[in-house]
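>>> Any chance you can model this:
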Amino acid sequence: MLDMPGQDEQHPTTLSEANAMKLTMPEEIILLLLDDKTGRPIGLPAPAGDYALASAILMQLSLSGSIDTDLEKLMVTSHRPSGDPVLDEALTMISLNPGQRDSRHWIVEIGRHAEHYRNMILERLVAKGVLKKEEGRFLWVFPDRRYPKAAEGELDVTEVRARLRAVILSNDIPEPHDSLMIGLARSAGIIPIILSAAEQEKYGKRVDQVADLEELGRTLSSVTREVYAMMLAFAGSH
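Here you go, the predicted structure:
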């Protein structure tokens, strides 16, 4: 009988790989929205990041079978807890507000609580060893909290960027998860950290095509455009 290698020898798993497998869409978008070294937010200013996080929560609930959406409404299809405090809290919020509510309504509504959910996710990523929390002072007076990536987090975010980049540069039909993530990255203004300037010019239509494959991605894009149009109109009138 031949000696068979043990399971660990066949499928070695690093801490980073274990963490990456467990990352949710809200965790992935939070990682992409933080500068690798400084731990400070990047991308478009608020509320783009808030709506991207809200949409990531809804997208994860959709992929897990807890909600479903169409052009007219978003509905709860399963009340089964996931064990993820962020997802379960958002699902409870939706469940307690029955009625004809569409995905646009819930992107905005959950976006109002984005700081709360963001803090929950940041603390969890710190507990996983993906991020480090650094406390300091800005101008020696104002509290300054930053979340630079730990070594495992740097590998995780590199994997996410490489995965999304590969989808954009190919002609393959993407998995729903990756299509939704590209929609989040587009609306949050972080495609420039995935593609070079030349690649953005060449593959801009492909980004839009992939990002608009899913209803939640299209709705997020529409909400973000409308909010910024209103902000520009308000600024122009003053």
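
>>> The longest helix seen in the chain - contacts with which helices or strands?
For the chain, the helix with the greatest residue count under DSSP state H is helix 215-236. Under the contact definition 3 or more CB pairs under 8 Å, 6 or more residues apart in numbering; DSSP states H and E, helix 215-236 sits against helix 48-63, helix 103-111, helix 176-188. The way it works is simple: take the backbone N, C-alpha and C, and place the C-beta from them, glycine included.

>>> again, 10 Å this time
helix 48-63, strand 67-69, strand 74-76, helix 103-111, helix 176-188, helix 197-211 (3 or more CB pairs under 10 Å, 6 or more residues apart in numbering; DSSP states H and E).

>>> Show me what counts as buried in the fourth one.
Of the residues in helix 103-111, those buried under the neighbour-count criterion (16 or more other CB atoms under 10 Å) are Ser103, His105, Trp106, Ile107, Ile110, Gly111.

>>> ditto for the last one
Under the neighbour-count criterion of 16+ other CB under 10 Å, helix 197-211 has Glu199, Tyr203, Arg206, Val207, Val210, Ala211 buried.

>>> ok, back up a step: quick one: average pLDDT of the longest helix of the chain?
Average pLDDT, helix 215-236: 80.

>>> Okay, and the residue minimising distance to the centre of the chain sits in which element?
What sits nearest the mean C-alpha location of the chain, by CA atoms, centre = their mean, is Ile29, with 2.6 Å. Element membership for Ile29 (DSSP states H and E) is helix 25-32.

>>> now for that helix, which elements pack on it?
By 3+ CB pairs under 10 Å, 6+ apart, helix 25-32 packs against helix 15-22, helix 48-63, helix 85-95, helix 114-127, helix 151-169, helix 176-188.

>>> let's see 6 Å
Contact here means 3 or more CB pairs under 6 Å, 6 or more residues apart in numbering; DSSP states H and E; on that basis helix 25-32 packs against helix 48-63, helix 114-127.

>>> Can you report how many residues neighbour Leu23?
Neighbour count for Leu23, taken as other CB atoms under 10 Å: 19.

>>> State the distance from it to Met181.
For Leu23, the distance to Met181 equals 11 Å [CB to CB, to the nearest Å].

>>> Now distance to Gln60 and pLDDT too, for the buried residues of helix 103-111, in CSV please.
Formatted as CSV, the buried residues of helix 103-111 follow (distance: CB to CB, whole Å; pLDDT from 0 to 100):
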residue, distance to Gln60, pLDDT
Ser103, 13, 93
His105, 18, 94
Trp106, 13, 95
Ile107, 13, 95
Ile110, 12, 96
Gly111, 15, 95
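
>>> okay, those in TSV with distance to Pro176 next?
Below are those laid out as TSV (distance: CB to CB, whole Å):
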residue	distance to Pro176
Ser103	15
His105	22
Trp106	18
Ile107	17
Ile110	20
Gly111	22
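
>>> And those residues, which is closest to Thr92?
Nearest to Thr92 out of these is Ile110 (CB to CB; 11.7 Å).
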